[in-house]
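Novice: my questions are about this predicted structure, shown below with the sequence.
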Amino acid sequence: MPHPDRPASEATSGLSQAAIPPAMPNPVEGTAADAAGAPAGAGGGTTARAAIFRGSAFLFGRQIISIFLKFIGVLLISRILGPERYGAYVAAIGVYQYGLSLGQAGIGVCLLRHEKELTAEEYGTSYTLLAATALALVVVLEGSGALLAGYVNVEGFRDVLSVLVLAIPLQVLSIPATARAERALDYRSVATIELSGQLAYYLIAVPLVLGGSGAVSLAVAWVGQQGVSFVLAHVLTRAWPVFRWQPAAARHLLGYAFSFSAQNWIWQARSLVNPLIVGPAFGATAVGIVGMTVGIVEMLSVLKTIAWRLSVAVLRSVTSDVPRLLRAITQGMELQTLAIGSILLAFAWFGKWIVPLVFGERWLPVLDIYPYLALSYLTMAPFNMHTATLSVLNRNWPLAGYHVVHVALFAGVAAIAVPLYGLRGYGFGEVATLPAYAILHLILARTVGTPDYRLTALWWGAAAIGLFWRELGPWAIAAPFLALLLPPSLRRLRSLGAPLLERLQRRRA
């Protein structure tokens, strides 16, 4: 739920606030692949498709390198900081990310999806609007810091937030430059910006953490990351901020963006559950444990982010062919459930050795809530296809309705369950959101039709049982394997493997 890397339709389908430590959020509230078929300057036909898939390779490579950087960072940072000090950062970044979602105001989406070539006046007006919202956010967050700190009940929260807000102008004002690169399908530059910023984060954070600066180290590193990204975004696009004001352009930017922003603001409210519900009840250590668990699940589910980006580009090309579109959704659901479910299960089964080895003994409580969060992300994986399809079809208001129900269930149940059941109450809140996916199904069914859920449901159910093997007993580990041995599964796996085998045979020949 959007990890910094996560697509806007999920934005922050997740808890980017607690990534370990967070990668650079894409400053445009869309996706690079979402530019496919939209920008006027993207070219057409085969050239555009080639650019999309070449760009997807850059994005995939960036994700892999990002995971490697996170792993190295986790080994050092999580072990030294521990849950309590890390919790101060998690709480502050949660509030920061929600403020950031307000500050972007959907302008990045408008710039990215604009059908015609953008004028200098439109870019200049977007800079003016973004600068104004960034300034307002800095004032509001700095001014309310003491009040928020008193409520959140997390030591160090205010100090970290005071540093983080300095990054808001840098991150928000990177949006037009990054949109310019994505509209040109210049994925190489996008990947360079994101990876360079993330590398800067660790180069700053690790020495500061080792020097004993605590959670503030991560906030300083975040500001440095956004500074590097801001400079690179403008250098690589050869365009620096120019502030202009054109009323017609401002009306267009805000009007186009509002429906998207509404659903984004609602969804991003998920990032407040940990600091505003877990924090007041149990303090910094609990917030840190929840934040680390979310970060682990996000990292294990990285394929979902890549799949969402690719799905937007692919689904856009088949929206006029309903049977083909439904087949694509069905196959996408199956693939995502199989791939992400396998990774989530591996951690569930081997986590009791991985956590002490990688994170340290202090982080073992992560395993108590991991299955609940993993179940939520496992369910989100197949429905990724629904949000991608509905986003392509611009069904933003129905998506906003789904987000209202989802967030209300999550926050409502967590608010009741956390004081009663501790950290597992947060997990109960995640599980309580599962019925909300019925709304996504209904929206999709009324819009394009109903995909085939049978195989996805079989694999999902088996994986769900396997995730809770500690509660159900070792027999639950067998459930996913038995499901894969059933005839429908074997037929589907053969069909998936056939193209790969053919390709290997051709190479040998």
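Specialist: Structure received. None of these values were measured; they are calculated from a predicted model.
Novice: ranges for the strands of the stretch 201-350 of the chain?
Specialist: Using DSSP state E, counting those that start in this stretch, the stretch 201-350 of the chain contains no strands.
Novice: tell me where the stretch 51-200 of the chain has helices.
Specialist: 107-113, 120-143, 145-152, 157-164, 167-172, 175-183, 187-210 (DSSP state H, counting those that start in this stretch).
Novice: from the contact counts, what lies against the first one?
Specialist: Just to be clear, that refers to helix 107-113. On a contact count with 3 or more CB pairs under 8 Å, 6 or more residues apart in numbering; DSSP states H and E, helix 107-113 meets helix 120-143, helix 175-183, helix 247-268. C-betas here are computed from N, CA, C, even on glycine.
Novice: out of the helices of the stretch 51-200 of the chain, which gets nearest to residue 397?
Specialist: Taking CB to CB, helix 107-113 is the member of those nearest to residue 397, at 14.3 Å.
Novice: flag the shaky bits of this protein, pLDDT-wise.
Specialist: For the chain, the stretches with pLDDT under 70 are 1-64, 67, 71-74, 105, 113-115, 256-262, 303-319, 498-505, 507-509.
Novice: rerun that using 50 as the cut-off
Specialist: Low-confidence segments of the chain (pLDDT under 50): 1-46, 48.
Novice: just the C-alphas of stretch 271-287, formatted as CSV.
Specialist: Provided in CSV are the C-alpha atoms of stretch 271-287 (Å, rounded to 0.1, in the frame of the first residue of the first chain):
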residue,chain,number,x,y,z
SER,A,271,-0.1,6.2,6.2
LEU,A,272,-1.6,7.9,9.3
VAL,A,273,-2.9,4.7,11.0
ASN,A,274,0.5,3.7,12.4
PRO,A,275,1.5,7.0,13.9
LEU,A,276,-1.9,8.2,14.9
ILE,A,277,-3.4,4.9,16.3
VAL,A,278,-0.4,2.6,17.2
GLY,A,279,1.7,5.5,18.4
PRO,A,280,-0.6,6.9,21.1
ALA,A,281,-1.4,3.4,22.3
PHE,A,282,2.0,1.9,22.6
GLY,A,283,4.7,4.4,21.7
ALA,A,284,7.8,4.5,19.4
THR,A,285,8.9,0.9,19.7
ALA,A,286,5.5,-0.4,18.5
VAL,A,287,5.4,2.1,15.6
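Novice: now that stretch, how far from the centre of its chain.
Specialist: Offset of stretch 271-287 from its chain centre (CA atoms, centre = their mean, to the nearest Å): 20 Å.
Novice: give me the residues contacting it.
Specialist: 12, 15-18, 83-85, 87-88, 90-92, 94-95, 97-98, 151-157, 290-291, 294, 410-411, 414-415, 418-419, 422-423, 426, 429 (CB atoms under 8 Å, 6 or more residues apart in numbering).
Novice: dump the helices and strands packed on helix 107-113 to TSV, plus distance to residue 282 and mean neighbour count.
Specialist: Conversion of these to TSV gives the following (distance: least, CB to CB, whole Å; neighbours: other CB atoms under 10 Å):
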stretch	distance to residue 282	mean neighbour count
helix 120-143	24	18
helix 175-183	36	26
helix 247-268	23	19
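Novice: which one of the ones you listed lies nearest to residue 351?
Specialist: Residue 351 lies closest, by CB to CB, to one member of these: helix 247-268, at 27.7 Å.
Novice: which one of the helices of the stretch 51-200 of the chain lies nearest to residue 333?
Specialist: Nearest of those (CB to CB): helix 107-113, 25.1 Å.
Novice: still on that earlier bit, make CSV from the helices of the stretch 51-200 of the chain and add distance to residue 401 to it.
Specialist: Below are these laid out as CSV (distance: least, CB to CB, whole Å):
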stretch, distance to residue 401
helix 107-113, 19
helix 120-143, 25
helix 145-152, 29
helix 157-164, 31
helix 167-172, 27
helix 175-183, 26
helix 187-210, 31
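Novice: re the thing from before, redo the helices and strands packed on helix 107-113 as JSON lines? Include distance to residue 110.
Specialist: Formatted as JSON lines, these follow (distance: least, CB to CB, whole Å):
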{"stretch": "helix 120-143", "distance to residue 110": "8"}
{"stretch": "helix 175-183", "distance to residue 110": "9"}
{"stretch": "helix 247-268", "distance to residue 110": "4"}
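Novice: contact partners for residue 342?
Specialist: 463, 480.
Novice: distance check, it against residue 462.
Specialist: 11 Å (CB to CB, to the nearest Å).
Novice: give me the common contacts of the two.
Specialist: Joint contacts of residue 342 and residue 462 (CB under 8 Å, 6+ apart) are residue 480.
Novice: do you know which of the helices of the stretch 51-200 of the chain lies nearest residue 451?
Specialist: helix 107-113 (25.1 Å).
Novice: count the neighbours of the nearest residue to residue 121 once chain neighbours are set aside for me.
Specialist: Distances taken as CB to CB, 6 or more residues apart in numbering put residue 246 closest to residue 121, at 4.4 Å, once the chain neighbours are dropped. By the criterion of other CB atoms under 10 Å, residue 246 has 16 neighbours.
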